[in-house]
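# Okay, predicted coordinates and the sequence, questions at the end:
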Amino acid sequence: MCGIFGIVGKKHRLGELIDGLKKLEYRGYDSAGIAYVANGRVDVAKQSGRVAVLEKMYEDRTSTFINVGIAHTRWATHGNPNDINAHPHTDCTGRIAVVHNGIIENFNELKQQLIDSGHFFKSDTDTEIIAHLIEEYYGGDIFDAVKKAIKRLRGAFAIGVVSADEPDKLVAAREGSPLIVGKTEGGGIIASDITPILKYTKEMYFVDDGDIIEINLNEVRFEDYYGKRRQKEPQRIDWEETAAEKSGYKFFMEKEITEEPDVIKKALTGRISEGKIRLDEISEWQELLKKIKTIKVIAAGTSYHSGMVFKYFLNELLPISVEVEISSEFRYMRQWEYDDETLFVFISQSGETLDTLESLRLVKRLGGKTLAISNVVGSTITREAEKTIFINAGPEIGVASTKAYVGQLIVLYLLGATICQAKNCSLETTFFQDLQRMPQLYENALKQSDEIREIAKKYAHFLHFMYIGRKGNYPTAMEGALKLKEISYINATCYAGGELKHGPIALLDSEFPVFVIIPKDDLYQKMKSNVIETRARNARCISLTTNDNHEAKTFSDDVIYIPHCSDHLLPLLCAPYIQLFAYHIADIRGLDVDKPRNLAKSVTVE
Ligand code: M6R
């Protein structure tokens with residue numbers, strides 16, 4: 001959940017370390033630090049707080065030339081987020097510095113052994129033991145020392161290491177945490193994700209578990225822990241560098257919501273023609289899709305919600321069982337049934353969520369068929385799943401997932417429709433027509449942003465919120481509540497409309513507003529009764545409803561209208577509205593929308 005970055009080469013400047021960190025800050029923002037080799041020593045600067053604090057410290061030195069440097073932005077696991085626990089960490093001599101993303105599980109045991117043999121520790125982190133272990137093995141070759149040290153580690157890591165004694169060299173290694181390498185002329189770059197590398201090269205190496213890498217001024221070399229050379233082919237990443245910049249928007253979240261019409265267009269391009277879906281990625285699975293009886297979807301957070309929408313969608317169409325599991329639960333389930341008519345679908349924007357990855361590994365060990373749906377090319381989940389469908393949404397930087405959710409929904413609708421096709425079940429023409437006009441409907445939704453902001457102003461001071469919905473819009477309500485709580489810190493809870501009377505309605509009063517997803521679909525009357533019940537408890541009510549609902553104003557305090565579309569697609573069409581509502585509330589409350597407290601974008605620890 002941290003970001004690591006490193007550079008090697010003749011023409012680099014110190015400010016590049018800070019620029020690299022800024023692109024990774026979404027991964028954690030408790031503290032930031034850099035280390036670089038200069039004048040025969042390793043200089044380290046680290047500070048609790050955002051990268052901006054570090055930037056300020058270094059504002060007069062950003063153009064200093066450096067050959068080798070490493071950098072880190074932290075989401076604290078071991079030890080408080082203070083200056084001392086910030087990375088990089090050094091050994092006793094201060095001549096070896098390490099940045100690390102991951103968790104070392106056997107750190108207590110190793111720390112004690114190192115203390116017993118005379119090492120002196122400064123921080124409470126698990127990472128510091130790596131620096132001391134390397135020191136223990138160092139005999140003039142940092143690559144060799146890192147190789148020996150990492151064999152002693154248990155847990156997950158991606159590390160970058162520099163040594164004052166080898167000033168033109170950076171050593172990196174990976175076991176369980178993401179790491180990408182870019183080769184540049186006369187050097188190379190390491191980073192926890194693609195975005196900071198784009199500025200240097202689009203040809204990237206995706207590091208595998210068990211790789212140890214040396215980058216020097218002449219080469220980038222991959223070996224395994226036992227000294228065997230590993231041959232790697234770089235992959236070309238066609239993301240634009242500007243895609244990871246705010247481009248004038250106040251927050252990435254706002255920018256990413258406005259990109260949604262394009263995300264939909266891209267996800268649909270080449271995949272629908274004359275009412276037929278083409279998903280080339282799984283074209284070899286025609287026979288499997290024909291006979292499929294069970295689909296298990298495994299995901300976390302927002303990705304779990306898109307999986308839930310998929311479940312409701314398919315349940316309307318086919319008599320197959322779709323079970324959606326939270327990955328952190330699924331990976332510890334002792335018993336579950338599957339056979340060769342079962343497909344396992346792993347949804348992950350980042351492709352790195354540890355619980356989802358471990359669930360995938362579990363299923364693979366047992367021989368299940370695995371399909372990943374992800375946004376990040378080269379991410380671990382996509383490399384380990386049997387097949388992957390990419391959503392191609394471009395980099396998502398805001399911690400709150402928005403455009404990736406929309407991209408996931410599109411791909412999941414296409415997957416569902418492909419399964420229908422394979423089983424000779426037909427979807428109505430309006431479904432395809434509405435799917436194709438979705439970019440336009442989203443453009444219209446974006447035009448309602450100011451109107452949604454006006455409504456948000458009336459509710460931004462509340463401490464609690466309840467979201468309710470039914471069927472495919474129950475997950476919409478779940479996603480609305482998650483968006484609101486994660487960026488505005490309002491206690492937003494969510495229930496299926498029918499559950500209200502079974503307990504949650506006891507919470508409601510004039511201080512507990514309700515956001516209702518109430519399109520004019522087959523359960524409209526049921527939802528309307530729910531709204532009337534909430535109003536009878538004096539709760540204020542915002543209705544998100546279709547524009548053919550002429551009575552909504554009679555039972556709601558505020559109404560947000562959406563156009564009508566195929567009922568199947570209503571959860572997709574509702575997405576920008578719930579996202580914009582949460583965005584405006586958080587912005588009105590004056591919060592850092594892109595970097596909510598206690599969170600990180602990519603959850604690569606348990
Ligand atoms: O990268 P993933 O899709 O696997 O991430 C899963 C969740 O961590 C993520 O969706 C999280 O819930 C977001 N903060 C939601 O906005």
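Perfect, I can see it now. Residues are numbered from 1 along each chain as shown.
# switch to C-alpha atoms for all contacts and neighbour counts from now on
OK.
# Residue 47: neighbour count?
For residue 47, the neighbour count with other C-alpha atoms under 10 Å is 22.
# ugh, typo on my part, it should be residue 269
Residue 269 - counted by other C-alpha under 10 Å - has 11 other residues nearby.
# On the pLDDT front, check it for me.
We have a pLDDT of 88 for residue 269.
# Please pull up the helix or strand immediately following the lowest-mean-pLDDT helix or strand in the chain.
Taking mean pLDDT, DSSP states H and E as the measure, strand 272-273 is the helix or strand of the chain with the lowest mean score, a mean of 84. Next in sequence after strand 272-273, counting helices and strands by DSSP states H and E, comes strand 276-277.
# could you point out which element follows that next one?
From strand 276-277 onward toward the C-terminus, using DSSP H and E, the following helix or strand is helix 286-291.
# counting contacts, what elements does the helix or strand following that next one pack onto?
Where DSSP H and E defines the elements, the next helix or strand beyond helix 286-291 is strand 294-299. Here strand 294-299 touches helix 301-317, strand 321-326, helix 327-330, strand 342-348, helix 354-365, going by 3 or more C-alpha pairs under 8 Å, 6 or more residues apart in numbering; DSSP states H and E.
# returning to that earlier point: ok now the least confident helix or strand of the chain, how far from the chain's centre?
From the chain centre to the centre of strand 272-273 is a distance of 29 Å (C-alpha atoms, centre = their mean, to the nearest Å).
# same question, stretch 113-122
Distance, stretch centre to chain centre, for stretch 113-122: 37 Å (C-alpha atoms, centre = their mean).
# cool, and stretch 286-305?
How far stretch 286-305 lies from its chain's middle: 20 Å, per C-alpha atoms, centre = their mean.
# in that stretch, what's buried?
288-290, 292-300, 302-305 (16 or more other C-alpha atoms under 10 Å).
# Nearest to the ligand among these?
Proximity of the buried residues of stretch 286-305 to the ligand (C-alpha to the nearest ligand atom) peaks at residue 302, which lies at 3.7 Å.
# just checking, that closest one touches residue 404?
No. In this structure residue 302 lies outside contact range of residue 404 using C-alpha atoms under 8 Å: 9.0 Å.
# which neighbours do the two share?
Counting by C-alpha atoms under 8 Å, 6 or more residues apart in numbering, residue 302 and residue 404 have no contacts in common.
# Which strand residues bridge residue 222?
With DSSP bridges as the criterion, residue 222 is bridged to residue 213.
# How about the contacts made by it?
Here residue 222 is in contact with 211-214, 229-232 (C-alpha under 8 Å, 6+ apart).
# of all the residues in the stretch 401-550 of the chain, which ones are close to the ligand?
With the criterion set to C-alpha under 6 Å from any ligand atom, the stretch 401-550 of the chain comes near the ligand through 401, 483.
# residue boundaries of the helices in the stretch 401-550 of the chain?
For the stretch 401-550 of the chain, applying DSSP state H, counting those that start in this stretch gives helices covering 403-422, 429-436, 438-447, 449-459, 473-488, 524-536.
# Mind putting those helices into JSON lines with mean pLDDT and mean neighbour count?
What follows is the helices of the stretch 401-550 of the chain, written out as JSON lines (pLDDT from 0 to 100; neighbours: other C-alpha atoms under 10 Å):
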{"stretch": "helix 403-422", "mean pLDDT": "96", "mean neighbour count": "24"}
{"stretch": "helix 429-436", "mean pLDDT": "92", "mean neighbour count": "17"}
{"stretch": "helix 438-447", "mean pLDDT": "97", "mean neighbour count": "18"}
{"stretch": "helix 449-459", "mean pLDDT": "98", "mean neighbour count": "17"}
{"stretch": "helix 473-488", "mean pLDDT": "98", "mean neighbour count": "26"}
{"stretch": "helix 524-536", "mean pLDDT": "93", "mean neighbour count": "18"}
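# Tabulate those helices in a markdown table, adding columns for distance to residue 132.
Below are those laid out as a markdown table (distance: least, C-alpha to C-alpha, whole Å):
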| stretch | distance to residue 132 |
| --- | --- |
| helix 403-422 | 40 |
| helix 429-436 | 57 |
| helix 438-447 | 53 |
| helix 449-459 | 52 |
| helix 473-488 | 38 |
| helix 524-536 | 60 |
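# quick check, residue 388 in a strand?
Yes. With DSSP: H, G, I helix; E, B strand; the rest coil as the criterion, residue 388 is assigned to a strand.
# Bridged to it, which residues?
residue 372.
# for the ligand, what are the nearby residues on the chain?
So the chain meets the ligand at 300-303, 348-351, 353, 399-401, 483, 601-603 (C-alpha under 6 Å from any ligand atom).
# and of these, the nearest to residue 553?
For the residues of the chain next to the ligand, the minimum distance to residue 553 (C-alpha to C-alpha) is 25.1 Å, reached by residue 483.
# Give the full set of residues in contact with the closest one.
Residue 483 touches 400, 578-579, 582, counting by C-alpha under 8 Å, 6+ apart.
# and these, which of them are in helices?
Here DSSP state H is the test, and the contacts of residue 483 give 578-579, 582 as lying in helices.
# who wins for most neighbours among the residues you listed?
residue 582 (27 neighbours).
# got the contact list for the closest residue to that residue other than its chain neighbours?
Once flanking residues are discounted, residue 582 sits nearest to residue 484: 4.6 Å by C-alpha to C-alpha, 6 or more residues apart in numbering. By C-alpha under 8 Å, 6+ apart, the contact list for residue 484 reads 490, 492, 581-583, 585-586.
# Identify the farthest-apart pair in those residues.
Among the contacts of residue 484, 492 and 583 lie farthest apart (C-alpha to C-alpha), at 13.8 Å.
# The two: which is more packed in?
residue 583 (28 against 23).
# Tell me, how many residues neighbour residue 581?
24.
# Surely it is in contact with residue 458?
No. In this structure, residue 581 is not within contact of residue 458 by C-alpha under 8 Å, at 11.4 Å.
# Domain ranges for the protein, per the record?
The chain breaks down by automatic domain parsing into domains covering 3-241, 246-427, 438-599.
# Quote the end-to-end distance of stretch 60-70.
One end of stretch 60-70 to the other measures 19 Å (C-alpha to C-alpha, to the nearest Å).
# again but with stretch 586-598, I slipped
With C-alpha to C-alpha as the measure, the ends of stretch 586-598 fall 15 Å from one another.
# Identify the residues contacting that stretch?
26, 29, 251-253, 397-400, 457, 460-461, 484, 486-488, 583.
# tell me the mean pLDDT for it?
Averaged over stretch 586-598, pLDDT sits at 94.
# quick one: buried residues of it?
For stretch 586-598, by 16+ other C-alpha under 10 Å, it's 586-589, 591, 593-597.
# now that stretch, how far from the centre of its chain.
Averaged C-alpha coordinates place stretch 586-598 at 17 Å from its chain's average position (C-alpha atoms, centre = their mean).
# for stretch 135-148, same thing?
On C-alpha atoms, centre = their mean, the centre of stretch 135-148 falls 34 Å from that of its chain.
# Dump the C-alpha coordinates for that stretch into PDB.
C-alpha atoms of stretch 135-148 as PDB (Å, rounded to 0.1, in the frame of the first residue of the first chain):
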ATOM      1  CA  GLU A 135      24.500  -4.800   5.800                       C
ATOM      2  CA  GLU A 136      25.000  -8.200   7.400                       C
ATOM      3  CA  TYR A 137      25.700  -9.800   4.000                       C
ATOM      4  CA  TYR A 138      27.500  -6.900   2.400                       C
ATOM      5  CA  GLY A 139      31.000  -7.700   1.200                       C
ATOM      6  CA  GLY A 140      31.400  -5.100  -1.600                       C
ATOM      7  CA  ASP A 141      28.600  -6.300  -3.900                       C
ATOM      8  CA  ILE A 142      25.200  -4.900  -3.100                       C
ATOM      9  CA  PHE A 143      23.400  -7.100  -5.600                       C
ATOM     10  CA  ASP A 144      24.800 -10.200  -4.000                       C
ATOM     11  CA  ALA A 145      24.000  -8.900  -0.500                       C
ATOM     12  CA  VAL A 146      20.300  -8.100  -1.400                       C
ATOM     13  CA  LYS A 147      20.000 -11.600  -2.900                       C
ATOM     14  CA  LYS A 148      21.200 -13.200   0.300                       C
END
